[in-house]
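>>> Have a look at this fold, sequence not included:
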């Protein structure tokens, strides 16, 4: 549920690891089926920081122990936190190696305490570490190996292509890094297969084998039975001398296609799939004269959303790029030079710019890999080469040391080794480290074959007919662990659970819908993970789903249920003390099975949306704002679809909520794009697993776009459909769960900053936890026992330890299970007591750190739309903060009635600040500079294309040092996240850049100040609606990212507002963020250098969902900057000022009519 997920995750205060955001990357199925992921939960982290055991005088030594051997640890990775009169402490040195380091602090004076904090900087990287190989027999002459779960047990299995025995060997995984004896399946007489890949080519949810056969100039397709066995092969003609095969949907019909590299005829073959395991006759495309392609891969290298073909041209020392047209045809090749004899090619973003790069394994005598950085338009830069072992025949990419950067792994044929080259994240790589394999290593793959969260190396070895498994040993992973369940009695047959603070004590409470007792149970939280006795409230008949939200805008959570048999939704208004009024029922479609809340017509009031399993539609009941609702309007999900679950989110980045349903009857998810007025476009369907019963949304691959996740009852798995950001989704990837999963939710349960999947498995009485790798793939499930028949699952922090806990509603045992998160992860700080020495050693006087220069007090300004009942225009208002009375009003955009973004500054150096206004959503990207004395428009211009209606954010600073303020403009929702800086002297464009992935359409908010004291202004940006709440701090001199973090849970997609300034006059700058519309009015204060959370609070009623706008200004004229907030839509134009760090309210007032629902921007 949109509101509750945000509130529950925010309450947990889960620490998010800062990560690099990436543009959407389309890859061939070869890279997607094998979980060779570019992120691992085993990233380097401190297990402990130990302080000296006794009080110190003027020096201290802290011992830091990491979870694995690391490098790059230095003084810049730590900072000191002092209390009392402690001063002058300096980190003088960091010594040590491997997993243990000593941080030496000298020059301590004063008394109190001194703490050491580990700053999460990317300079600390793990060293590659793998166990000695274990070998497993395959067929004769294996030349290729692939990984995938071919028998549906949740463990990775090995499949090899055996040239000498004309077969494919299947070695089923035991889940502990060992494998069962191989089973052989023929690829056909004299086929001599050299390459193998896995994919579901007939759409039955089971992996199939596809091989490249140079002996028969064809491919063999062996359809999987789902139990590790395969049907007899069917062959399809390809080109002569076929050497390599890959799968991908190159014509966009949802069916996998076969693509091969044909060495003898210098072509690639494309065999379009029919979706039933058969393929059309090949079409061939030239890779270039005398290119001799030996390897092939797929990926979107020009960012048009279509798969392109890339080949490694073995005897031409080059790679060919054939751009896809999206219909199964390809443009003429472009050729780029590589090293000598490239035999294998892979794609990955090795320099973290969001663009796919080419990596080839060059089997020439010297042994190297070529890295060709992508330009994003289908062209590539000149290669850079890096030394590997001799004669590398194969290459793979993955993050083997957990630093978030792709590393290169090669299979070296002659010295019988695998080389690991650690990535630096900028397209360069460190020196190789070699690990021994068996004889004549031909192929390499990556995957976690023992379930420990680390990538393992698997090679196919030709001479001895075996495979080598080298288990990753790179330190302890942060795993998910939960204490045994506690159970709490509910009503009969509990079918749905949600969490919220219904008695306003700051502690989460449990609310359960009881299907067979026709009521809801409310269990008030104690705060220690236990709950009070259930109190029941009557609903309609057979309530199947429950959610919470403030539907009458009194600041108190209300209960809303979907009642299957009485064909209605019950609304129980909360009293604020944990009790609720009598249910009032509102008609829905037939057989409502799921319910959620969201503001789908953008009036600031929550609306009801249900999924109706019997009438095959979704009902929308628009909220009136007083707890009542209008007549339902229904939107079809398809005949026989039987929608069983519904959720809301902005999946196309236009700032409007969209409906997504899981359709039990049609095995798909429907997406109904919202128009922003409470109506929706006709559905578009996307295939899921069998009989999806639950659906949720979240950004699971870190590209800023919402992805769909479903729990599939019959196929016992979760489907992940990665979002393209335009309302469409990629082909599903599935991940096994427990038996009969009925419910799914997302949350970061292991604190690594990546969303994890949690399901309720009715058939196995368990909850499955699938840890996210951050790229849209997930580790094998861990299961935790619940009550009998768990039908629903929720996450929330219920015992005050900052970690997300699991709560399930158990249908058969009539109770709720609470599984407390018991993740073993010690903190990153240690404190040592400091006492003054009687004769302190003199120390040099430290050079004072520059502090922010106070700025003249700017006027308090608001931007307010007119009340709906009037025909007026939006205004910019100046206020006397002491009285709350307006001192001036201006109309920057006559006739425009939408929100107005505001800023101020003295542009003409006359000692009086001018006003700057930017039109908001619904208006063009117009900016006006107004005289604050007269209200007249002095200058105006469009910051972006005048046809763009997403509005513009504004800030002002002197960015070029000419003494004249410049205007910083950032595109609003619906536009790319572009920031433009205009010269204040002539309004010419000085520079521009994209703060996030260029094709992210949620827009961006912006603030600016020179916080690193280099004389050049730095920028702070916040992602707009549709993406995760991602804040970035940019160095104004280099445009490099200084720090970045998620201000709120990554599942929240309402956007984030930003401001920066020295609040509290403490001599340091702080970043202030406000949650966007759809979230609670949470204001947070951050350290701009480290992203550390300094403070957080609710500026308005906790369950208000209009969000909060933020600014920094000296609101009360005492010379100290304060936090200024403005309520979002639905909250009235309510302005507040808070001091820092006490967070006391200094003043508050309404900028216009209190009943005006349009919200207010502040400066």
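Thanks, I have the structure now. No experiment lies behind these values; they were computed from the predicted model shown.

>>> For the rest of this, base every contact and every neighbour count on C-alpha atoms.
Noted.

>>> Which residue ranges of the stretch 1051-1163 of the chain form helices?
For the stretch 1051-1163 of the chain, no helices are identified by DSSP state H, counting those that start in this stretch.

>>> Now do the strands in it.
1056-1061, 1070-1075, 1082-1086, 1093-1098, 1108-1113, 1122-1127, 1134-1138, 1145-1150, 1161-1162 (DSSP state E, counting those that start in this stretch).

>>> Quickly, which of the ones you listed bottoms out on average pLDDT?
Ranked by mean pLDDT, these bottom out at strand 1161-1162, which scores a mean of 76.

>>> Same list (the strands of the stretch 1051-1163 of the chain) but as CSV, adding distance to residue 987.
Formatted as CSV, those follow (distance: least, Cα to Cα, whole Å):
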stretch, distance to residue 987
strand 1056-1061, 23
strand 1070-1075, 28
strand 1082-1086, 32
strand 1093-1098, 37
strand 1108-1113, 24
strand 1122-1127, 29
strand 1134-1138, 31
strand 1145-1150, 34
strand 1161-1162, 24
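
>>> out of those, nearest to residue 774?
strand 1056-1061 (21.0 Å; Cα to Cα).

>>> List the neighbouring strands of the closest one plus their orientation.
Sheet partners assigned to strand 1056-1061 using DSSP bridges are listed as strand 1070-1075 (antiparallel).

>>> Show residues contacting the partner strand.
By Cα atoms under 8 Å, 6 or more residues apart in numbering, the residues outside strand 1070-1075 that reach it are 1029, 1047-1048, 1054-1063, 1081-1088, 1107-1111, 1123.

>>> any idea which helix or strand of the chain has the worst average confidence?
helix 2-12 (a mean of 26; mean pLDDT, DSSP states H and E).

>>> sorry, back to before: and the strands of the stretch 1051-1163 of the chain as TSV, adding distance to residue 747 and mean neighbour count?
Below are the strands of the stretch 1051-1163 of the chain laid out as TSV (distance: least, Cα to Cα, whole Å; neighbours: other Cα atoms under 10 Å):
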stretch	distance to residue 747	mean neighbour count
strand 1056-1061	19	28
strand 1070-1075	18	27
strand 1082-1086	19	23
strand 1093-1098	19	14
strand 1108-1113	23	29
strand 1122-1127	27	29
strand 1134-1138	31	24
strand 1145-1150	33	17
strand 1161-1162	31	28
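
>>> For residue 62, which of those strands is the nearest?
Closest among these, using Cα to Cα: strand 1093-1098, at 23.3 Å.

>>> packing partners for that closest one?
strand 1082-1086 (3 or more Cα pairs under 8 Å, 6 or more residues apart in numbering; DSSP states H and E).

>>> what is the orientation angle of the strand it packs on with strand 1108-1113?
40 degrees (axes from the mean of the first three to the mean of the last three Cα atoms, to 10 degrees).

>>> which regions of the stretch 351-500 of the chain lie under the pLDDT threshold?
The stretch 351-500 of the chain contains residues with pLDDT under 70 at 404, 475-480.

>>> Now do the strands in it.
Taking DSSP E, counting those that start in this stretch, the strands of the stretch 351-500 of the chain run over residues 357-362, 368-372, 384-387, 392-398, 407-412, 417-421, 433-436, 441-447, 456-461, 466-470, 486-489, 494-500.

>>> what do you get for the stretch 51-200 of the chain?
59-66, 70-71, 78-84, 90-97, 100-106, 112-118, 125-126, 134-137, 142-148, 157-162, 167-171, 183-186, 195-199.

>>> Give me the mean pLDDT for the third one.
The pLDDT scores in strand 78-84 average 64.

>>> Okay, and the beta partners of the closest residue to residue 310 other than its chain neighbours?
Spatially, and ignoring its direct neighbours in sequence, residue 310 is nearest to residue 321 (4.7 Å; Cα to Cα, 6 or more residues apart in numbering). Judged by DSSP bridges, the bridge partners of residue 321 are residue 310, residue 334.

>>> And residue 321, how far from residue 757?
For residue 321, the distance to residue 757 equals 36 Å [Cα to Cα, to the nearest Å].

>>> between the two, who's got more neighbours?
Legend: neighbour count by other Cα atoms under 10 Å for residue 321 and residue 757, higher for residue 757 (28 against 25).

>>> Tell me if I'm right that that one and residue 770 touch.
Yes: the criterion here is Cα atoms under 8 Å, and residue 757 meets it with residue 770 at 5.0 Å.

>>> residue ranges for the strands of the stretch 601-750 of the chain, please.
Under DSSP E, counting those that start in this stretch, the stretch 601-750 of the chain gives strands at 607-612, 617-621, 633-636, 643-649, 658-663, 668-672, 684-687, 692-698, 707-712, 717-721, 733-736, 741-747.

>>> out of those, nearest to residue 563?
Between the strands of the stretch 601-750 of the chain, strand 607-612 lies closest to residue 563; by Cα to Cα that is 9.9 Å.

>>> mean confidence score for that closest one?
Strand 607-612 comes out at a mean pLDDT of 97.

>>> Paired strands for that strand, with orientation please.
strand 592-598 (antiparallel), strand 617-621 (antiparallel).

>>> Look up how far residue 755 lies from the residue positioned nearest the centre of the chain.
With distances taken as Cα atoms, centre = their mean, the residue of the chain nearest its centroid is residue 702 (3.3 Å). Note on residue 702: its distance to residue 755, by Cα to Cα, is 9 Å.

>>> now residue 380
33 Å.

>>> higher neighbour count, those two?
Neighbour tally, residue 380 and residue 755, criterion other Cα under 10 Å: the higher count belongs to residue 755, 29 against 21.

>>> quick one: contacts for that one?
So residue 755 contacts 698, 699, 700, 746, 747, 748, 749, 771, 772, 774, 1050, 1051 (Cα under 8 Å, 6+ apart).

>>> Bridged to the first one, which residues?
Spelled out, that is residue 698. Beta-bridge partners, per DSSP bridges, of residue 698: residue 707.

>>> Residue 706 is in contact with that one, correct?
Yes: at 5.0 Å, residue 698 counts as touching residue 706 under the criterion of Cα under 8 Å.

>>> Have a look at the two and say which one is more surrounded.
residue 706 (32 against 29).

>>> pretty sure the more buried one contacts residue 722?
Yes: judged on Cα under 8 Å, residue 706 makes contact with residue 722 at a distance of 7.5 Å.

>>> Now the residue nearest to the centre of the chain, what are its backbone angles?
Residue 702 adopts backbone torsions of phi 70, psi 30, taken as degrees, to the nearest 10.

>>> List the buried residues in stretch 157-174.
Residues of stretch 157-174 classed as buried under the neighbour-count rule (16 or more other Cα atoms under 10 Å) are 157-174.

>>> Can you pull the residues that touch both of residue 702 and residue 755?
Common neighbours of residue 702 and residue 755 (Cα under 8 Å, 6+ apart) are residue 774.

>>> domain ranges for the protein?
48-123, 860-1162 (the TED database).

>>> Overlap in contacts, residue 706 and residue 722.
Residues touching both residue 706 and residue 722 by Cα under 8 Å, 6+ apart: residue 700.
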